[in-house]
Structures are given as structure tokens and as C-alpha cells.
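Colleague: next come a sequence and a model predicted from it.
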Amino acid sequence: MGRISTDKVRNIGISAHIDSGKTTLSERILFYTAKIHKIEEVKGKSGVGATMDFMDLEREKGITIQSAATYCEWKGFNINLIDTPGHVDFTIEVERSLRVLDGAVLVLCSVAGVQSQSITVDRQMKRYKVPRICFINKMDRAGANPFRGVQMLREKLAHNAHLITYPIGAEDQFQGVVDLVQMKAFYFDGDNGENIREEAVPAELLEECKKYRENLIAAVGEFDEEVGMKYLEGQDITIEEMRRAIRAATRSLNFTPVMTGSAYKNKGVQLLLDAVTYYLPNPHERENVALDQNNNEEKVILKSDPKAPFVALAFKLDEGRYGQLTYMRVYQGSVKKGDTIFNATNDRKVKIPRIVQMHADEMNDVEEAQAGDIVAFFGVDCASGDTFTDGAVKYTMTSMFIPNAVISLAIAPKDKASSNNFSKALNKFTKEDPTFRVHRDEESAQTIISGMGELHLEIYCERIKREFNCEVIVGKPQVAFRETITQKGDFNYTHKKQTGGSGQFGKVVGYIEPLPADAAQNYEFVDEITGGAIPREFIPACDKGFQEAVKEGRLIGFPIVGVRVVINDGSYHDVDSSEQAFKTAALMGFREAYERAGAAVLEPIMKLETQAPEEFQGSVMGQINQRRGMILNSSTNEGYCVIEAEVPLTEMFGYSTDLRSATQGKGEFTMEFMKYSQVPRNVQEDMVKKHQERKAKEGK
């Protein structure tokens, strides 16, 4: 691929709620930009599957599991494209893609509008300040209503959203779109919509389109003085001025241009590609910040300049047949095959044997990568989120936000012979996916895997079987409970041990109290010792003792969160006091206070959105209530009811089977972690009793 100016580069992602048509849209983009010569469907009859869903599991389940990268050319612009999963269990894939992209396309379904995962994706876009265009897809579906989609963007996501293309017809009458900037109608002819026919706006839509264009000008006029003035004076606005104003508005993050179309029916996709080049920023126009490690982490704004010192971020790892493939976004400078680069996170230097541009799972070798490029390096061993430089500077970039795991499973290889492959698989997956965690439970000697949901862990168990030829035995899912305190509890503990020779002595006095709900950390240590009651050198040992205590609660053995420990008095012995003595005193003192501090069990609460035909509304709500769910909202749309609820994760196992049987297989749901909340008293008593019985059994 010839090197073109950075101004003509667009790094974009396609994100949406599951089943909004992201992968179908990506497939059309690749077809129209001549990257592929035949369109395949996500669940195609050919069994081939869409280009971007290249994993066997993705093709079988008809969902995207990993984000896939590709690149294409459109009217002289280079577009680096990442297709991301919509299922909430794979939210890290969206998170890491948005971290390195300059713009995004938010896809909505024209029937369902803004759904639960659209809200999550939008939150992620806001976190990384990514400007977006919204594409209301599936205009050919029964019940398509793009105007309701725009309304939902405004109400649910607080977007300043305006149509820039107006649909001509809807459902089976959907014919094309009117571009409100040019005030021309576009129709997409031919088997694959590749022949674009441009005509005058249909007479019956002219008035309506004029009204929408007027609203659009008023909205973008606020971001462009010239357009704003012309609008107030009633003057005509040219296409160029209009595009400039929409671009400025979109880049400000305070405006969302909305387009309509149907990827499946090949309508409106080419106009979306045009809009990506017109309205989304190039790498120069995004502010990317690094921290200078040689200058007290002073903030440095990176320049998308190929001549500046090299800075790149590793945002995704893929352990393939030929070793580790590291996806990189180059922010500054340039790098050639054979160059040596430095990992700013651990100071290791690495030589780059090979640079490739990815097209789904195909690799195309390139000699050089420059600022603004998204490429992959071979043979660069690192972790996801590491920053690389050329050694001239020592910058690090902030990594992506990683949510906590909410569900765990015990897992073991079926036969001892596969244990080598089993550990290889776990090593590979933990490197690839920061939300997939593995630890060994010392008490039960089991390997525990943790992740974002049942589907997340199910996919990994399946991948161990397929990719590493290792059958696994899976235990029952375990929910990540937490313990906390609800009131202040005092401690006054003396640790005294007299053995032959020097003994042990340490006394700690203080209290524990709950941290405020919005506290950034889960544990806080406050040292209020005055007058040398405890010598300074023993204070860190006290902190260590308290930290040891919060690792395992006394109620059900889970970590304790939301606790502030204040130590304000104590005493020591000149000979017998030691670090170990104070560490033990702190540990036992904490346990003493914990009994008085109203200890409580916390459970993960999930945000649940269930969709089912209206006639099943009663039974669906009944099921949610049986599972200790709290229904927040229910609405009906085109014969379907949408129920939003908060439900404890512990009650959600087996829900998909129950929902299917209650709705004749027509119900579907999405679920994501929302918050931790206190378990009802009767449930807590039951849990504590079971934990004590288990401990007693193990103690025999």
C-alpha cells in the first residue's frame, strides 16, 4: 500500500449492541472498497461466514468474539477498521479497540433503537473521547423507525443527534436515502447495491427533508460561526460549508450525525464511507497524551509526526501458530522492519523481525509503520497495554480500563497427559485477554478461572478443547462475592508470646469504619499514631497485617472491601517487639473489630434486559421476580416487550434455558455487571452456615 498523507488516514471502529448488524456492515465496507470480491453473510448458507468472523466458534455461534482489524481504501483515503463484539461478555475487546481509535461508527437497529449494550458502548466512547457517526441499520426490517432511534439517542444517551440522511420509505418499501447535505436522493442498484443512482429528492418528501435540513443547519451552526451567521441571516449554505460545520461539530464530541440504511440489503453503506472521510478526525486531530517517566510523569501531547521520536501502544495480543502477534497503534514517529524498540513499561529492548497489516486473519507484510498506523508486530513479547519507544524518550501511555471479573469456575484437564497443553492454553488466554483471570485456590488445590460472564468462560473452555486438544472438566460456576462492614468497630489487641529467649510483643489500638460508597479504593490505612506509641519502623508491618486480614472475610471467606482502618495508639517492648509481632497484632486486632462492625456479604448485581413477544410478558416478569430481581422498567415495541431489571448474578444460572422454555424459544436477554449490593439477611445467614459447615468438614 502506497504511503499517503496522515490527513487521509481514518482509524475507525464499528461498535454496537449484539445483533445490530456490525459484522454485516463491515463485510459491505470491504466489498465496496474492493478488499473482497464476494459478500458472505454472518450465518451464510455457504458455511464460509463473514470475513471478519474468522474463528470457527464465531461462525458456528453467529456472533463476534474477538475484535478483528482490517484496512481498505476509499476515494484516496486509507481506512483502518476494527469490527468489535457486541456481547457484553467480550466488552474488553471494545474497550481496547476504542482506546486506540480516532473515530467510531455506532450502529443501532432501526427497530430496537438504543439497547443496553449500546449504552455501555457509548459510555466507553465517552471515556476515550471518541467522536462518532451513528448508523441506523436494518431499515428493511418490519417495524423500522429511525426517528424513534434518533429520539432514543437524545433521551437515553443525551446525544445532540440529527439525521444527515433521510430514509426513502421503510420496511419492505425501503428504497434509498436522501443526503440532507447535498439535498439529493441516492438509490443503490445492482445485485449488491454497487451502482449508485443519484436523483432529485422525491416530491412527497421534499418539505419534510427541507425541515430536517433546517434543523441540522441550526444545530451545526453553533460549532461554525460562518454557518451560524448565514443561518440567522437566512442565506444559502454551500455543501462545503455544511460539511465543514458537521465535521467541527462531530469532532467537538457534542454532536452526533445520524445516517440510515440497510447493510444486509446493500443500501446506504457507500454514503457512510463518505461520511467517515468527511466528518471523522484524522490522527493529527486527536489529542493523545503520554506521561514522561523522566520528568515526574509530566503530561506530553504526542504529535502525529513521522519524524518525531517513536511512541506506540500495544493494545491487543494474539498467540497464533507462528508465535505472538502484537497489535500496535503508532502515535508518533516511524519504525522499520529490523529496528530495535524499547518497552517503556519494563525497559526491555526488542528487535522487530516483521511488521504486518492485518486483514482479518490474513497478514500483509509492510516495511515501515508511521504515526497514525495500526499494524501488528511479530516476535515482540509484551503485555497488553505496554508502551514502546525508540529509546530517545521514556513515555508511557495510560492503558485501557479493565472491569473486574464477576464469575468463576473450577477447571481441570480430563487426563494428566494433557496438563501441559492445559497450562499452555491458560497462559495464552491470560496474555490475550486481561478480563480472563486464572488463580490456584490453595485450600481446594483447584485451578479457578474468572471472567465477565457464563458465555465468556464457556468460549474459553471450548477453545482449550479445540485449539489445544485438551478435554476439560468444569466445576459449578462460583459468584465473586465480597464482604464489607456497615458500622464502626473498635479494636484494642495485644499480641504477647513468651517462648525461650526473646518473645513477641505488639499492641495496636484503633478502629475500622466503612469507606464512602464513591471511594476510589477498597482499603484505606490511616496512621494517627503520635508520641511514638508505636515506633515508626513498625507502622508498615501493621499495614501489612491489616491488608492480610482483608484478603479473607470471616463470614464466607471472600475478600473484604470498602474498609478504612485507623490506628491511633498502641505500645511496644524494647526487646520483644518486632515486625512480625505487630503484623500479627494488626491481623488479630482487625478480626476483633470485624465482629463488632456489622459485617455483611455483598453480591454482584447485574443489569438485565430481556426481550420477548408481548404475550409472554407476565411469565417473563414472574421469572425475574422469582430470581430476586427488581424490575426497573418495561416497554413494548412492535409486539415485543423489553423488560429492564436488576438481578443478583447468583440467581441467574440456567436463566437462558428457563427463558427459552417460557417463551417458545423467542426470548433473548443481555446482562452486564452493574454494582455490588448487600445480600438479604436470610440469604446471608444461610451462606454463613454453609461456609462454617464446609470449614468444619475440611478441618476433620
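Modeller: Structure received.
Colleague: got phi/psi on E198?
Modeller: phi -110, psi 130 (degrees, to the nearest 10).
Colleague: contact partners for it?
Modeller: K184, A185, F186 (Cβ atoms under 8 Å, 6 or more residues apart in numbering). C-beta coordinates here come from the backbone N, C-alpha and C atoms, glycine included.
Colleague: ok, now G451?
Modeller: Neighbouring residues of G451 by Cβ under 8 Å, 6+ apart: D89, A405, I407, S408, T435, F436, R437, L457, Y460.
Colleague: which among those residues gets closest to H691?
Modeller: Distance to H691, by Cβ to Cβ, is smallest for S408 among the contacts of G451, at 15.9 Å.
Colleague: residues in contact with that closest one?
Modeller: Here S408 is in contact with I448, I449, S450, G451, P477, Q478, V479, A480 (criterion: Cβ under 8 Å, 6+ apart).
Colleague: for PyMOL, write a command that selects the buried ones of the contacts of G451.
Modeller: Buried subset of the contacts of G451, written as a PyMOL selection, criterion 16 or more other Cβ atoms under 10 Å:
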select buried, resi 89+405+407+408+435+436+437+457+460
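Colleague: a markdown table for the contacts of E198, including secondary structure and pLDDT?
Modeller: As requested, those are arranged in a markdown table below (DSSP: H, G, I helix; E, B strand; the rest coil; pLDDT from 0 to 100):
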| residue | secondary structure | pLDDT |
| --- | --- | --- |
| K184 | strand | 95 |
| A185 | strand | 96 |
| F186 | strand | 96 |
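Colleague: which two among the contacts of S408 are spaced furthest apart?
Modeller: Of all pairs drawn from the contacts of S408, the one with the longest distance (Cβ to Cβ) is I449 and V479, at 13.9 Å.
Colleague: comparing these two, which shows the higher neighbour count?
Modeller: I449 (25 against 16; other Cβ atoms under 10 Å).
Colleague: between the contacts of E198, which is nearest A376?
Modeller: Of the contacts of E198, the one sitting nearest to A376 (Cβ to Cβ) turns out to be F186, at 36.1 Å.
Colleague: check contacts around the closest one.
Modeller: Per Cβ under 8 Å, 6+ apart, neighbours of F186: G176, V177, V178, D179, I196, R197, E198, E199, G268, L271.
Colleague: which single one of the contacts of E198 is nearest to A218?
Modeller: K184 (21.0 Å).
Colleague: strands of the stretch 151-300 of the chain, residue ranges please.
Modeller: 161-163, 165-168, 176-179, 184-189, 195-199, 256-260, 288-292, 298-302 (DSSP state E, counting those that start in this stretch).
Colleague: now find how far off-centre the second one is within its chain.
Modeller: Just to be clear, that refers to strand 165-168. 32 Å (Cα atoms, centre = their mean, to the nearest Å).
Colleague: pLDDT weak spots in the stretch 251-400 of the chain?
Modeller: Low-confidence segments of the stretch 251-400 of the chain (pLDDT under 70): 319-322, 360-361, 399.
Colleague: now do the helices in it.
Modeller: With helices called from DSSP state H, counting those that start in this stretch, the stretch 251-400 of the chain shows them at 269-279.
Colleague: lowest average confidence, helix or strand, in this protein?
Modeller: Sorting the helices and strands of the chain by mean pLDDT, DSSP states H and E puts helix 56-61 at the bottom, at a mean of 62.
Colleague: so after that one, what's the next helix or strand?
Modeller: strand 68-74 (DSSP states H and E).
Colleague: for that following strand, name the packing helices and strands.
Modeller: Using 3 or more Cβ pairs under 8 Å, 6 or more residues apart in numbering; DSSP states H and E, the elements in contact with strand 68-74 are helix 22-32, strand 77-83, helix 269-279, strand 354-359, strand 374-378.
Colleague: repeat that with 7 Å
Modeller: Secondary-structure packing of strand 68-74 (3 or more Cβ pairs under 7 Å, 6 or more residues apart in numbering; DSSP states H and E): helix 22-32, strand 77-83, strand 354-359.
Colleague: which parts of stretch 468-483 are buried?
Modeller: Neighbour counts over stretch 468-483 (16+ other Cβ under 10 Å) mark F468, C470, V472, P477, V479, A480, F481, R482, E483 as buried.
Colleague: any idea how far the last one is from I119?
Modeller: E483 is 30 Å from I119, where distance means Cβ to Cβ, to the nearest Å.
Colleague: just the third one next, same as before
Modeller: If you measure V472 against I119 using Cβ to Cβ, the figure is 34 Å.
Colleague: run through the stretch 451-600 of the chain and note the low-pLDDT ranges.
Modeller: In the stretch 451-600 of the chain (pLDDT under 70), the answer is 499-501.
Colleague: partners of the lengthiest strand in the chain, with directions?
Modeller: As assigned by DSSP state E, the longest strand anywhere in the chain is strand 599-613. Strand 599-613 has the following strand partners under DSSP bridges: strand 482-485 (antiparallel), strand 640-648 (antiparallel), strand 668-678 (antiparallel).
Colleague: deepest-packed of these, please.
Modeller: When you average the neighbours per residue for each of these (mean count of other Cβ atoms under 10 Å), strand 482-485 leads with a mean of 22.
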